[in-house]
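**Student:** sequence unknown, structure follows:
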């Protein structure tokens, strides 16, 4: 058992219960990945493999930033790389992990019904296609929100 978890379990019951209310839920990497994220990763890596480009790997901070921004766009009926608060792609990535990446990119899409349609739309757009195929990008995260839905892919180098 992990030392931190053992320490928490040894707390007095009222303190332990209070800690459960304020601590973030423990999730494994696999549990944190949604089905659509795995599908998008597979589709992106298929495009990269066709061109002999190293596969992308999911990154938790990029997933969180992507999910949050998809929700923000959905809640504010906003679709732009500049957030309704003026935030940039860099701001949103660094809010999740300030020192994880030297470079980043972001793809947005809206209205596609599934991961295949979103990926197809991105591959048909020169700028989005460049992000998917950029050799320096090694990590990726995906978000989706709303019934439209809004799709977000964030890339890290």
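**Tutor:** Ah, there it is. Remember, it's a predicted structure, so these values are computed and weren't measured experimentally.
**Student:** center of the chain, which residue is that?
**Tutor:** residue 63 (1.9 Å; CA atoms, centre = their mean).
**Student:** so what's the residue nearest to that one when sequence neighbours are not counted bridging to?
**Tutor:** Of all residues not flanking residue 63 in the chain, residue 141 sits nearest, at 3.7 Å (CB to CB, 6 or more residues apart in numbering). To be clear about C-beta, it is placed using only N, CA and C from the backbone, and glycine gets the same treatment. Beta bridges link residue 141 to residue 154, judged by DSSP bridges.
**Student:** what sits against residue 141?
**Tutor:** By CB atoms under 8 Å, 6 or more residues apart in numbering, residue 141 lies in contact with 37, 58-67, 153-154, 156.
**Student:** quick one: distance of the longest helix that the chain contains to the chain centre.
**Tutor:** Looking across the chain with DSSP state H, the single longest helix is helix 60-76. Put simply, helix 60-76 sits 7 Å off its chain's centre (CA atoms, centre = their mean, to the nearest Å).
**Student:** show the pLDDT at residue 15.
**Tutor:** Listed pLDDT for residue 15 reads 49.
**Student:** tell me how far residue 60 lies from residue 127.
**Tutor:** Separation of residue 60 from residue 127 (CB to CB, to the nearest Å): 25 Å.
**Student:** who has more neighbours, the two?
**Tutor:** residue 60 (16 against 9; other CB atoms under 10 Å).
**Student:** all set, thanks.
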